[in-house]
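S.K.: everything below, folded, please.
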Amino acid sequence: MYRASAFLVSASGINLQDGVAASALLLDHSIDVSSRGVFLDGEDISGKIRTQAIGEAASVISAHREVRKYMVFLQRAFGKKYNIVAEGRDMGTVVFPDAALKVYIVADIAIRAWRRLKDIGHGEMDGMVHSVFRRDHRDRNRSESPLRLPPGALWLDGTGMSVNQQVNFVLRHYRKRCNQ
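M.R.: Got it, this is the predicted structure:
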């Protein structure tokens with residue numbers, strides 16, 4: 001959802017530093033997420049939001065209180081409508097603090113950069129490591145909903161794990177928690 005918001009704000013020409021203008025723009029558009037993709041005003045923009053530039057833009061606009069307030073509203077509405085697995089830097093602390101299971105996933109910064117390069121299909125390792133580091137620093141130090149370990153969250157170091165291994169870890173712990 002934040003990437004879709006960043007895509008919209010970037011495409012509109014609004015300065016990413018202007019949270020008031022960004023949130024006003026968001027109110028005039030619809031963002032929806034489903035198993036089919038990410039939709040902005042009904043158009044599938046899934047492929048357009050997986051770039052390094054949009055990731056950076058999402059990190060910048062997500063620091064604005066006005067944007068976060070609206071996005072949290074959308075995320076909670078989505079969570080009430082569907083059974084979901086939510087991923088994000090404040091899901092367990094702000095958006096869904098009462099979630100049945102919270103997992104805090106970490107990985108070595110070099111591995112995260114390599115995975116990101118693989119996702120976007122281009123770029124250089126040094127630049128990506130720097131980008132990941134900058135984003136982590138910005139997200140941990142922002143005043144609005146900073147990245148924090150959610151109370152009661154499981155810690156998962158995914159450095160040496162495949163996506164399937166991480167998913168199996170989460171499913172195993174979810175099933176264990178639900179059967180208690």
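S.K.: now the helices for the protein?
M.R.: 2-12, 19-27, 52-61, 65-81, 109-120, 125-141, 163-178 (DSSP state H).
S.K.: now those helices as a markdown table including distance to E87 and mean neighbour count?
M.R.: The way it works is simple: take the backbone N, C-alpha and C, and place the C-beta from them, glycine included. Below are the helices of the chain laid out as a markdown table (distance: least, CB to CB, whole Å; neighbours: other CB atoms under 10 Å):
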| stretch | distance to E87 | mean neighbour count |
| --- | --- | --- |
| helix 2-12 | 11 | 21 |
| helix 19-27 | 20 | 17 |
| helix 52-61 | 13 | 20 |
| helix 65-81 | 11 | 16 |
| helix 109-120 | 14 | 15 |
| helix 125-141 | 14 | 15 |
| helix 163-178 | 10 | 12 |
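S.K.: now those helices in CSV, with mean pLDDT and distance to L147?
M.R.: Formatted as CSV, the helices of the chain follow (pLDDT from 0 to 100; distance: least, CB to CB, whole Å):
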stretch, mean pLDDT, distance to L147
helix 2-12, 96, 13
helix 19-27, 96, 18
helix 52-61, 90, 10
helix 65-81, 93, 13
helix 109-120, 92, 14
helix 125-141, 91, 4
helix 163-178, 93, 18
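S.K.: nearest to M91, of those?
M.R.: Closest to M91 of those is helix 65-81 (CB to CB; 7.8 Å).
S.K.: mind listing residues that contact the closest one?
M.R.: For helix 65-81, contacts defined as CB atoms under 8 Å, 6 or more residues apart in numbering pick out 1-2, 5, 19-20, 22-23, 26-27, 31, 33, 61-62, 84, 86, 88, 90-91, 94-96, 144-145.
S.K.: picking that back up, out of the helices of the chain, nearest to D44?
M.R.: With CB to CB as the criterion, D44 lies closest to helix 2-12 of the helices of the chain, at 10.5 Å.
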